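build me a model:
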Amino acid sequence: MILKSGQVASRFKSSDNSPWCALVFGDDDGVVNDLADQIAASWSKAAGNARQVVLDDDDIRREPHLLSDKVETGSLLGEIEIVRVRTSGEKIAKPVLDLIERADQMGNGFANRLLVLNGSLNKRSKLRATIEQSNTAATIQVYADTADSLKSLVEEKLSALDVQIEPDALDDFVSLLPGHRGLANQESEKLSLYGRGLGRPISVAEVRAVCRTDADDSVRDLANAALDGDAARCQAEYDRVIESGTSTISVLRILEMEIRRLMQARGLMGTGGDIGRRLRPPVWGSEWPAFRARLDLWTSASLTRLLAAIHDLEIQAKTSAAAADPALRLLLLNIVKSASARSAR
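Here you go, the predicted model:
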């Protein structure tokens, strides 16, 4: 079945008619994660007692029975498990679809629940198409945030902690947010913690002081130097970033943000108006020439391949921190080499 994100609260609240498996997919993994959290919370509330189990899709590829073992085996204490798997494309389509087929034949789900988180899937995807036709499982496609949805998200987070903010400060803060839900959540939480108990609305000056740091700027400069093919500047910024103690994950997320901004700009080419101001975060007039030169180096296909490489490295960084740093250096080197070769052409 196909569900919309707005149907999650009603369709996943009952243990009787709730889909036992949900495929959540979309371009922004932060939005995917947030909706998956919402589904897991609904399942847990309906069951009264549940715990989450996270599986690695590479482990499932090596041992396909691992997924079925976790999904089909119920707890002796009656507790359900929510099995959560982050994957990409069709990597684990077969073991997932085998479970879906058996559940549809039985007419109901298994002892446990299954959450599959994925990136962008087109309609030809076997995983997506099969689950859309299922009677016991559901697909939910999510979309990247707009300026209005980000503004609503920030207002909700601030309101939950009784934090006030000046209207101009709110607009300024939203304009600084990246078009990536995960990073937007981090920045919103940071601002919420700052404003809690402040006793007055947060000002524009405070927004900029709290949410823009030298470390953040260094990582953005590092990402842009790599995408420009500037090896010397990339190395200098990399040294600053490492010295500041910034994690590999933080570097990858800001690099992803810059790549997504380039992809968004490519999609807006030829539409007229000031494209830079329509991006998230905006590219102002003084920044546009460098951004436009960078944009000319990268095609949509090449940017998509970079995103896939970043996602693979992020998974590696979460499982093996020691291997993540050299892998990040290699990724940056390959980006610099590719940009340099494109510039020469």
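
remind me which residues of the chain are low pLDDT?
In the predicted model of the chain, residues 14-17, 74-78, 176-180, 183, 212-216, 280, 318-323 satisfy pLDDT under 70.

tell me the domain ranges of it?
2-141, 147-211, 214-344 (automatic domain parsing).

end to end, how far does the first one reach?
Which is domain 2-141. The stretch domain 2-141 measures 9 Å between its terminal residues, going by C-alpha to C-alpha, to the nearest Å.

can you add mean neighbour count and give the domains of the chain back as a markdown table?
Heads up, the C-betas are built off the backbone N, CA and C, glycines and all. Formatted as a markdown table, the domains of the chain follow (neighbours: other C-beta atoms under 10 Å):
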| stretch | mean neighbour count |
| --- | --- |
| domain 2-141 | 17 |
| domain 147-211 | 17 |
| domain 214-344 | 16 |
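
residue 273: which element?
Under the criterion DSSP states H and E, no helix or strand holds residue 273.

ok, residue 277 next?
helix 275-278.

which neighbouring elements make contact with that helix?
On a contact count with 3 or more C-beta pairs under 8 Å, 6 or more residues apart in numbering; DSSP states H and E, helix 275-278 meets helix 248-268.

can you give me the helices for the stretch 1-150 of the chain?
Using DSSP state H, counting those that start in this stretch, the helices of the stretch 1-150 of the chain run over residues 8-11, 29-47, 57-62, 65-72, 93-106, 126-132, 147-160.

could I get those helices as CSV with distance to residue 249?
Formatted as CSV, the helices of the stretch 1-150 of the chain follow (distance: least, C-beta to C-beta, whole Å):
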stretch, distance to residue 249
helix 8-11, 27
helix 29-47, 12
helix 57-62, 18
helix 65-72, 25
helix 93-106, 27
helix 126-132, 27
helix 147-160, 21
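
so which of the ones you listed is nearest residue 325?
Set against residue 325 and scored by C-beta to C-beta, the helices of the stretch 1-150 of the chain come closest in helix 57-62, at 20.1 Å.

put the alpha carbons of the closest one into CSV.
Only the C-alpha atoms of helix 57-62 are listed here, as CSV (Å, rounded to 0.1, in the frame of the first residue of the first chain):
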residue,chain,number,x,y,z
ASP,A,57,22.5,-3.8,5.3
ASP,A,58,26.0,-5.2,4.5
ASP,A,59,25.6,-7.8,7.2
ILE,A,60,22.2,-8.7,5.7
ARG,A,61,23.7,-9.0,2.2
ARG,A,62,26.3,-11.4,3.6
